[in-house]
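Engineer: What follows is a predicted protein model with its sequence.
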Amino acid sequence: MNSNKRPDSMVRITTLELANAFIDEQVEAVRNQVGNKSVLLALSGGVDSSVVAALLIKAIGKQLVCVHVNHGLMRKGESEQVLEIFKNRLDANLIYIDATDRFLDKLVDVSDPETKRKIIGGEFVRVFEEEARKLEGIAFLAQGTIYPDIIESKGVKAHHNVGGLPDDMKFEGLVEPVKLLYKDEVRVVGKALGLPAEMVDRQPFPGPGLGVRCTGAITRDRLRALRDSDAILREEFDKAGLTNKVWQFFTVVPDFRSTGVRDGKRVFDWPVIIRAVNTVDAMSATVPELEWSVLKKITDRILSEVDGVCRVLYDLSPKAPATIEWE
Ligand code: XMP
């Protein structure tokens, strides 16, 4: 499939049956395209790259080399889930790079949001490139490009998922099996490929990860508070049946502290901010009216289970004027 234009006649993939037909067609197309050569994929664990990985494993097995870079800014358990599903269950040829220290060292004392984004994006490309250079005989680069990426960029957004590789790294071609699909179709294809719902129905997660939710200069203690509080929020939303009702939800740990008392002693600890939004296209967003009992349960758990936190707040601000993320 070389065209970047979705044919008018292409049916919308809404059922597992249609997804299976699409998968069969793509398996054959990929086999024809790459022959017995190897393909490299940056597997972030997001919906698009995960579905591409599962599809390519089905098509070419170990000829696919997946690289998962853990930048230390993933949600709790996310890198572990990628390893469990792809390495253990699907027996993928997967290289896992724990680059946490490398990223966090580069981010020490960096508080400007745009500079943080640039450092995280740039470092990601460097780590991926270093790994790619170590590998021999890789002919193709696979990408989780989807149709909205093509429409938004009019086809010029190259290397969408890896943020751009240097020009001297030449590949024979790109493998982009879901590039004509919309997001909802990618999810159906993922389900047909047997990926678990929590991976396929995952919320959007910004490329810079928790970096934009640990405001100002990132510190390891606040990052830990962020990861732990976020895990509690997800667990309690799940228990309350909110996971599929609220579009996106997460916690934020800002870079200021406030006074509290714990065990009769004065403390000076972080607040945790709960952010939950509903939206259609992320251009504007509203804040759901959550049950007080759910908010209270989350608050109680965060205050008793997460070290260094003495306050929990619920962000009531719609977009606009607030953005969904804090940075
Ligand atoms: P904002 O904060 O702009 O977010 O209201 C809108 C949506 O985009 C996500 N987001 C990002 N996604 N890289 C991404 O891939 C980013 O740098 C980034 N920043 C924000 C955000 O999570 C929300 O869903």
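Structural biologist: Right, received. Where do you want to start?
Engineer: residues from the stretch 51-200 of the chain in reach of the ligand?
Structural biologist: By CB under 6 Å from any ligand atom, the residues of the stretch 51-200 of the chain that approach the ligand are R117. Glycine gets a C-beta too; all of them are placed from N, C-alpha and C.
Engineer: Nearest spatial neighbour of the residue in the stretch 51-200 of the chain that the ligand sits nearest to, chain-adjacent residues omitted?
Structural biologist: At 5.9 Å from the ligand, R117 is the closest residue in the stretch 51-200 of the chain, using CB to the nearest ligand atom. Closest residue to R117 apart from its sequence neighbours, by CB to CB, 6 or more residues apart in numbering: P208 at 5.2 Å.
Engineer: for that neighbour, phi and psi?
Structural biologist: phi -70, psi 0 (degrees, to the nearest 10).
Engineer: Run through the stretch 151-300 of the chain and note the low-pLDDT ranges.
Structural biologist: 154-166 (pLDDT under 70).
Engineer: Recalculate using a threshold of 90.
Structural biologist: Counting by pLDDT under 90, the stretch 151-300 of the chain contains low-confidence ranges at 151-170, 281.
Engineer: Which residues in whichever strand or helix holds L223 does the neighbour count mark as buried?
Structural biologist: Taking DSSP states H and E as the criterion, L223 maps to helix 220-239. For helix 220-239, a neighbour-count test (16 or more other CB atoms under 10 Å) marks 222-234, 236-237 as buried.
Engineer: Tell me the one among the residues you listed nearest to the ligand.
Structural biologist: Using CB to the nearest ligand atom, the buried residues of helix 220-239 come closest to the ligand at D230, 12.9 Å.
Engineer: Who are the contact partners of the residue nearest to that closest one when sequence neighbours are not counted?
Structural biologist: In space, and not counting its chain neighbours, D230 is closest to T251: 4.6 Å by CB to CB, 6+ apart. T251 sits next to 213, 226, 229-230, 233, 272-275, 302 when contact means CB atoms under 8 Å, 6 or more residues apart in numbering.
Engineer: Kindly reformat the residues you listed as CSV containing distance to the ligand.
Structural biologist: Listed next are these as CSV, based on distance: CB to the nearest ligand atom, whole Å:
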residue, distance to the ligand
R213, 9
L226, 14
S229, 17
D230, 13
L233, 15
V272, 18
I273, 14
I274, 15
R275, 10
I302, 21
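Engineer: Which other helices and strands does the strand ranked longest in the chain contact?
Structural biologist: Across the chain, the strand with the greatest residue count (assigned by DSSP state E) is strand 265-277. Strand 265-277 makes packing contacts with helix 220-239, strand 248-252, strand 258-262, helix 292-305, strand 309-314 when contacts are defined by 3 or more CB pairs under 8 Å, 6 or more residues apart in numbering; DSSP states H and E.
Engineer: Those into a markdown table, with extra columns for distance to D112?
Structural biologist: Below are the helices and strands packed on strand 265-277 laid out as a markdown table (distance: least, CB to CB, whole Å):
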| stretch | distance to D112 |
| --- | --- |
| helix 220-239 | 17 |
| strand 248-252 | 17 |
| strand 258-262 | 24 |
| helix 292-305 | 28 |
| strand 309-314 | 24 |
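Engineer: Tell me which of these sits nearest to E130.
Structural biologist: With CB to CB as the criterion, E130 lies closest to helix 220-239 of these, at 23.7 Å.
Engineer: ok, which stretches of this structure are helices?
Structural biologist: 16-34, 47-60, 78-82, 100-107, 113-134, 147-153, 183-192, 197-200, 220-239, 292-305 (DSSP state H).
Engineer: if we compare those, which one ends up closest to R262?
Structural biologist: helix 292-305 (9.1 Å).
Engineer: if we can go back for a sec, out of the helices of the chain, deepest packed?
Structural biologist: Across those, the average number of neighbours (mean count of other CB atoms under 10 Å) peaks for helix 47-60, which reaches a mean of 25.
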